[in-house]
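Student: fold the following and give me the result.
(2 chains)
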Number of protein chains: 2
Amino acid sequence: MRVRKEDGAGGKYMMDFIKQNIVSRFDCRINEISLGDLEDSTDFSENFLLTTDSYVVDPPVFPGGSIGSLAICGTSNDLAVKGAKPSFMSMSLVLQDGFEIEKLRTILEDMERWAREIGVKIITGDTKVVDSGVGVIINTSGVGVRNEYLEKNLGVLREYREYPYSWVRDCGVVDGDVIIINGSIAEHASAIMVIREGLEFQMDVKSDVYPVWMFLKDAMNVGGISAMKDPTRGGIAASLNEIAEKSGVGILIEEDAIPIRDDVKSFCDVLGLDPFSMANEGKVVMAVHPEMAEEVLKALRKSGQKDAAIIGHATSEFSEVVLETSIGTRRILPQPVADPIPRVC
Amino acid sequence: MRVRKEDGAGGKYMMDFIKQNIVSRFDCRINEISLGDLEDSTDFSENFLLTTDSYVVDPPVFPGGSIGSLAICGTSNDLAVKGAKPSFMSMSLVLQDGFEIEKLRTILEDMERWAREIGVKIITGDTKVVDSGVGVIINTSGVGVRNEYLEKNLGVLREYREYPYSWVRDCGVVDGDVIIINGSIAEHASAIMVIREGLEFQMDVKSDVYPVWMFLKDAMNVGGISAMKDPTRGGIAASLNEIAEKSGVGILIEEDAIPIRDDVKSFCDVLGLDPFSMANEGKVVMAVHPEMAEEVLKALRKSGQKDAAIIGHATSEFSEVVLETSIGTRRILPQPVADPIPRVC
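Tutor: Just a heads-up that it's a prediction; the model follows:
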């Protein structure tokens, strides 16, 4: 038996691969979150979370950013969706012998810029050079810290109901919670696809890579958020299905409410790609207590996320993720087996 | 300009590359240790240290271990040499499409075995699959924790002199400190070299990969250790030079006191390799207050390190690392420009 591309592509196959090979061996719980919970980061003390990501995106520099932007934003985002402030980071470079220093500088400039923007500090690192095949691979591991915005969020939520978790958890959603996304989908994967395949599509699409902490802290300062996920590999289809499964609720999404640019939608239609399972790098799907949903939406918009929208709600009527069109037809949005585009992050 | 192999090979060229490209952009200090101090791990709070390493060893399974053993032991060792207990770890796999599952299992078994031995918990991870060229790359980032052995060590040391640091630091050595190594050198790099090059040397050498925490905790429980480094890429030549430079002292080493197996020595002689700049994966060079050196040596031997030896001492007479032979001739052991063997860890 051999490793397949799908085993690392963010969907159901990857989940199965990880459960069989990793969780079965290493599962443990130090504080509240276990490895087997497969959340975006894991707490190792009352105040600290750890996360890791190796970035293998091809090409390493693309419209809207680079592997450097991903390495800082992506790892920060995995902390931010638990409600943690992205605070400390390691960076590990694996470079191919002969890699252009000029390109490396562009990548490091992106890392520097985004690290400063977020206020995350790179405190330790490692550099390896190998002879072939990798271009550049960057691993960033991040430590997130408990903070006042998280406390505020949980405090407000607990005015309405019990919430037995000390971080924002994938399993925290209940019947009636409102589902919000902060903007339009499928742009990161589309930008990578356009540049990599040299497609003659006249589409000026950029990666949406962005540190979600910048606006999530304002949303948490309003409060009432019960779950958050950043829909990277596997897109919103993967994130929504994970939330539904872990929380034990169904999710009803109004298909027409999901923000997507017209040209991105046409691009996906023409290529037969499903935008719901395509990667984003600056998006969050979140569940919010219904009483607080409009306020959270306002905070997101005020914080620069002008296309933020309510796209559905959690329901106990069924246990799947269901898409409803404007004329009332319904279909299940399944957990994707894999992201349709390889080496996207 | 392009990246060169030497830029990731653990010697002077790598240090220059890191200072120019990484430290110049990202240097910061959260607690006591700064990124620019280039120590093996960095503290981000009073009680926690972070470190990271990406392992690219070729071949991934070798006599004495695998990339999995390295990923757990190597990252643990970077925490242990600061006096921290290796406690939590992330693991990030980058696998080549088609990589054999059976080989992956061997690697994961090694990770499981060593993680259990040390008591380090893998709490979060990431899996990517790429189409070519990497085989397997593993990043482990580790969190180390302040502990009773470290406190004991620092307490004993401070009975003799001032030691203004709260971890065991590369810069902590003063005139007169005794230099100890826990066993024989150059075995990891030799084992990799023999198997990779298919050398017809009839040498049964295995990698020395081992978690140094297992015996360092006993040495610290005796106390008086002022600096520790694990001599991986660049070997003991790199580690001793880093200690000398950061501490601002010279180091005099009795060449004949350095433990090395006869067959490893012959192997290096024949191939023109310098064993002092070849990688080890289960060794520590440490500096110890002279009053405590014999006790620390005894503790190391009792803890299974039967070839542990005093190999020299720090001196203010000069500022280099100097090798002295049994007949009294002296030569400088310079900081190597690079490890002589690529992809060794």
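Student: ok, residue A:66 - how many residues close by?
Tutor: 24 (other Cβ atoms under 10 Å in any protein chain shown). Every residue, glycine included, has its C-beta placed from N, CA and C.
Student: can you check residue A:103 too?
Tutor: Residue A:103 has 18 neighbours, counted by other Cβ under 10 Å.
Student: residue A:59 is in contact with that one, correct?
Tutor: No. Using Cβ atoms under 8 Å as the test, residue A:103 is too far from residue A:59 to be in contact (9.5 Å).
Student: for the residue of the stretch 1-150 of chain A found nearest chain B, which non-adjacent residue is spatially closest?
Tutor: Relative to chain B, the nearest point of the stretch 1-150 of chain A is residue A:133 (1.4 Å; Cβ to the nearest Cβ). Distances taken as Cβ to Cβ, 6 or more residues apart in numbering or on different chains place residue B:133 nearest to residue A:133, at 1.4 Å, with adjacent residues excluded.
Student: and if you look at residue A:298?
Tutor: residue A:222 (7.8 Å).
Student: and that neighbour, how many neighbours does it have?
Tutor: Per other Cβ under 10 Å, the neighbour tally for residue A:222 reads 22.
Student: residue contacts, it?
Tutor: For residue A:222, the residues meeting the contact criterion (Cβ atoms under 8 Å, 6 or more residues apart in numbering or on different chains) are A:153, A:156, A:292, A:295-296, A:298-299.
Student: quick one: which of those residues sit in strands?
Tutor: The strands in this structure, assigned by DSSP state E, contain none of the contacts of residue A:222.
Student: now the two most distant members of those.
Tutor: A:153 and A:298 (15.2 Å; Cβ to Cβ).
Student: tell me the one of the contacts of residue A:222 nearest chain B?
Tutor: For those, the nearest to chain B is residue A:153 (22.0 Å; Cβ to the nearest Cβ).
Student: hmm, back to that, quick one: which of residue A:153 and residue A:298 has more around it?
Tutor: A direct count of neighbours by other Cβ under 10 Å for residue A:153 and residue A:298 places residue A:153 higher, at 28 against 14.
Student: could you find the closest non-adjacent residue to that one?
Tutor: Residue A:153 sits nearest to residue A:220 (Cβ to Cβ, 6+ apart), 3.8 Å away.
Student: verify the stated contact: that neighbour with residue A:155.
Tutor: No. Using Cβ under 8 Å as the test, residue A:220 is too far from residue A:155 to be in contact (10.2 Å).
Student: among those two, which residue is more densely surrounded?
Tutor: residue A:220 (28 against 12).
Student: what helix or strand does the more buried one sit in?
Tutor: For residue A:220, the host element (DSSP states H and E) is helix A:213-222.
Student: report the distance from that helix to the chain centre.
Tutor: Relative to its chain's centre, helix A:213-222 lies at 16 Å (Cα atoms, centre = their mean, to the nearest Å).
Student: and it, C-alpha only, in CSV?
Tutor: Output in CSV follows, covering the C-alpha atoms of helix A:213-222 (Å, rounded to 0.1, in the frame of the first residue of the first chain):
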residue,chain,number,x,y,z
TRP,A,213,-7.5,37.4,14.1
MET,A,214,-7.6,41.0,12.8
PHE,A,215,-11.4,40.9,12.6
LEU,A,216,-12.3,37.9,14.9
LYS,A,217,-11.1,39.8,17.9
ASP,A,218,-13.7,42.4,17.2
ALA,A,219,-16.4,39.8,16.6
MET,A,220,-15.4,38.1,19.9
ASN,A,221,-15.6,41.4,21.6
VAL,A,222,-19.3,41.5,20.7
